[in-house]
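Visitor: sequence and predicted structure, then a few things I'm wondering about:
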Amino acid sequence: MRVLFFMRSVNYGRHFQSVLRTMLENGHELHIALDRHRKGIKSDDGVLRELKAEFPGQLTWALAERRRSPDWESFVGSMRLGIDYLRYRGPWFEDADLLRERARHRAPKGIVRLAEMPVVGGSHGRRALERVLRHLEAAVPIDVGLLEEVRRRDPAVVLVSPLVSLGSAQGDAVRAARAAGVPIALLVASWDNLTNKGVIRDDPDLTLVWNHAQVREGVELHGLREETIVAIGAHTYDHWFDWQPSRDRQAFCEAVGRSDMFEKWPGAEVADHARGNLEMQAELTEIFKTRTTAEWIDFGIEVNVPIAPIYTPHTVQQDPQFLDRMEWFPADVLGADQLPFPVKIAGEEPLVPTKAPEVGEHTDAVLRDVLGYDDAKIAELRAAGAIT
């Protein structure tokens, strides 16, 4: 089977490494049509080159064969960026200031000014303007170059990704495939593609997403029909399931001079040897008593066996990585031992919590500042036992 995959750039090969490999292993021929070349690290085509060497004659890639005139391209690009900007003026993105500003910066100034006029700024005006832009964008003729490429390569199916970049021109590939009578599938490239990118303007026949949350996003944020969306898992991380440990529990038993433990309890699966095995746990307890935690860590490095400490709230404070990353707030400062907020934001000082107030600590302030009581009234309430 021949497959034509419209992909934004070569670095997306890493997103779909397992998908591409599976297609090639099943004997399919695959051509990848790229939107553009990339520079620097993002031009890494290592995955594609490795697959091409492993499956000779099955994989090729080149720039997509676009032939639309620059004037048409400029016009339709402006319409697409305008539609994407209007998306971020909708209720779903009311609090997404940074995303809205990013889309605003890319959108044509004329559309931005029109969208921000009071008569258009409301929900009805925004939807009306979006309908106009969508009609204009849809009226642009199909890119003849892409249509001819689809017909010449004669694929059984056309794949496209990501399709949702701001102002994405990949909708042209969807239209070309549809005009050629070839089924189209969108492969969602990442977990956030349906929420903080552009909007899907040309519906594919099938959309393959990571999870059921993205199914909902496809319906609610992009207007896709639910029956055309299928959750298949995170293909980007499929290769993790093929990973195997380089060292196992047999290596540990041999390193501590207790090969007999592995012979007695080899186990059928990972950790199966330990399930409810109180006898073995007692043996391990005696073994671990022979060294300190630090000595066991050094031992693991020496014999190349993964060993890590189990921390308590007190011993974790001595961990070098923990000490380098954050400072523990002691009980005499906050009333209880407490960790700071673990996320560090570049250019921002970390948040420093304050101690919770004692019972009644702010009573006077609340009565005075909120209810407007004077000192005499507060004293009267306290004397009556109403407050302490």
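Guide: Looks like it arrived, so ask away.

Visitor: every contact and neighbour count from this point should use C-alpha atoms.
Guide: Fine.

Visitor: state the number of residues packed around Arg275.
Guide: Taking other CA atoms under 10 Å as the criterion, the count of residues near Arg275 is 10.

Visitor: all strands for the chain, in order.
Guide: Listed in chain order, the strands of the chain (DSSP state E) span 2-7, 29-34, 59-63, 157-161, 184-187, 206-209, 229-231.

Visitor: export these as a markdown table, with columns for mean pLDDT and mean neighbour count.
Guide: Supplementary listing: the strands of the chain in a markdown table, determined by pLDDT from 0 to 100; neighbours: other CA atoms under 10 Å:
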| stretch | mean pLDDT | mean neighbour count |
| --- | --- | --- |
| strand 2-7 | 97 | 22 |
| strand 29-34 | 96 | 20 |
| strand 59-63 | 95 | 17 |
| strand 157-161 | 97 | 22 |
| strand 184-187 | 97 | 22 |
| strand 206-209 | 97 | 22 |
| strand 229-231 | 97 | 17 |
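
Visitor: low-confidence ranges in the stretch 251-388 of the chain?
Guide: Low-confidence segments of the stretch 251-388 of the chain, defined by pLDDT under 70: 269-273.

Visitor: let's go with 80 and repeat that
Guide: Counting by pLDDT under 80, the stretch 251-388 of the chain shows low-confidence ranges at 267-275, 313-314, 317, 323-328, 337-352, 388.

Visitor: okay, which residue is most central for the protein?
Guide: Trp191 (3.7 Å; CA atoms, centre = their mean).

Visitor: ok so, going back, dump the strands of the chain to TSV, plus distance to Ala308.
Guide: Formatted as TSV, the strands of the chain follow (distance: least, CA to CA, whole Å):
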stretch	distance to Ala308
strand 2-7	42
strand 29-34	44
strand 59-63	43
strand 157-161	41
strand 184-187	39
strand 206-209	36
strand 229-231	36
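
Visitor: can you check which helix is longest in the chain?
Guide: Identified as the longest helix of the chain according to DSSP state H is helix 70-87.

Visitor: ok, the residue nearest to the residue nearest to the centre of the chain when sequence neighbours are not counted - contacts?
Guide: Nearest non-adjacent residue to Trp191, counting by CA to CA, 6 or more residues apart in numbering: Trp210, 6.9 Å away. Residues in contact with Trp210, defined by CA atoms under 8 Å, 6 or more residues apart in numbering, are 188, 190-191, 231-235.

Visitor: which of the residues you listed tops the neighbour count?
Guide: Counting neighbours by other CA under 10 Å, Val188 leads the contacts of Trp210 with 23 neighbours.

Visitor: who are the packing partners of the longest helix of the chain?
Guide: Contacts defined by 3 or more CA pairs under 8 Å, 6 or more residues apart in numbering; DSSP states H and E place helix 70-87 against helix 97-106, helix 109-115, helix 123-138.

Visitor: which stretch among these comes nearest Trp72?
Guide: Put simply, out of the helices and strands packed on helix 70-87 the one that sits nearest Trp72 is helix 123-138, at 10.1 Å, with distance taken as CA to CA.

Visitor: got the contact list for stretch 161-170?
Guide: The set of residues external to stretch 161-170 that reach it, using CA under 8 Å, 6+ apart, is 6-8, 35, 77-78, 80-81, 84, 103, 160, 171, 186-189, 193-194, 197-200.

Visitor: isn't Thr60 right up against Glu50?
Guide: No: Thr60 sits out of contact with Glu50 when judged by CA atoms under 8 Å, with a separation of 11.9 Å.

Visitor: now the common contact residues for the two.
Guide: Common neighbours of Thr60 and Glu50 are not found (criterion: CA under 8 Å, 6+ apart).

Visitor: stretch 182-200 spans what distance, first to last residue?
Guide: Using CA to CA, to the nearest Å, the span of stretch 182-200 from its first residue to its last is 19 Å.

Visitor: ok so, going back, make TSV out of the helices and strands packed on helix 70-87 and add distance to Leu224, mean pLDDT and mean neighbour count.
Guide: Compiled in TSV, the helices and strands packed on helix 70-87 are given as follows (distance: least, CA to CA, whole Å; pLDDT from 0 to 100; neighbours: other CA atoms under 10 Å):
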stretch	distance to Leu224	mean pLDDT	mean neighbour count
helix 97-106	22	93	16
helix 109-115	25	92	15
helix 123-138	16	92	16
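
Visitor: got the domain ranges for this structure?
Guide: Following automatic domain parsing, one gets these domains for the chain: 2-68+141-238, 70-138, 249-303, 358-388.

Visitor: can you add distance to Val343 and give those domains back as a markdown table?
Guide: What follows is the domains of the chain, written out as a markdown table (distance: least, CA to CA, whole Å):
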| stretch | distance to Val343 |
| --- | --- |
| domain 2-68+141-238 | 20 |
| domain 70-138 | 19 |
| domain 249-303 | 27 |
| domain 358-388 | 28 |
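
Visitor: Phe322 is nearest to which of the ones you listed?
Guide: Set against Phe322 and scored by CA to CA, these come closest in domain 249-303, at 15.4 Å.
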